[in-house]
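> With the sequence up front, the predicted model follows.
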Amino acid sequence: MCETCDEIQRILTANRISKMIRDGDMADLAVEALALTPQGRTVKTANTVRKVATPVAKAAIRSKPARAAGRRLSRALKEVNRGARTKGGKLKKGWSQAKIMSKAHKLAKRMK
């Protein structure tokens, strides 16, 4: 059995679940079971919030050039941030996050 199945089994045997079943509150039982799925998303309905299972998607593997570009951009951002921020970490006058990113992208492009 998987971890999710084990968790669902533990919930089903718990005292509060048996109370839900006796009271006829099966909707909460379904929510408890879905909350234990590895990937769940919250769905708002008219008067309740319920967890609904979503399919598990594998993370995309980035290509070698993409990883290299990411490293270059990271180095460029560190360099530009060093000049754009004060000792306390605030932005210097005339600088914005947009300006920092623009300069970092230009610098990363020149680093090739």
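Yes, it's here.

> Can you list the buried residues in stretch 84-91?
Ala84 (16 or more other CB atoms under 10 Å). Heads up, the C-betas are built off the backbone N, CA and C, glycines and all.

> Let's see that stretch as CSV, backbone CA atoms only.
Below are the C-alpha coordinates for stretch 84-91, written out as CSV (Å, rounded to 0.1, in the frame of the first residue of the first chain):
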residue,chain,number,x,y,z
ALA,A,84,21.4,49.4,-7.0
ARG,A,85,21.0,48.9,-3.2
THR,A,86,22.1,50.8,-0.1
LYS,A,87,24.0,49.1,2.8
GLY,A,88,20.6,48.6,4.5
GLY,A,89,19.2,46.8,1.5
LYS,A,90,16.8,49.5,0.2
LEU,A,91,16.8,50.6,-3.4
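
> So, low pLDDT: which residues of the protein?
Filtered on pLDDT under 70, the chain yields the residue ranges 1, 8-9, 11-55.

> ok, and what's touching the longest helix belonging to it?
Longest helix in the chain by number of residues (criterion: DSSP state H): helix 64-84. Residues outside helix 64-84 that contact it (CB atoms under 8 Å, 6 or more residues apart in numbering): 62, 91-92, 95, 99-101, 103-105, 107-108, 111-112.

> So which of those sit within helices?
The members of the contacts of helix 64-84 that map onto helices under DSSP H are 99-101, 103-105, 107-108.
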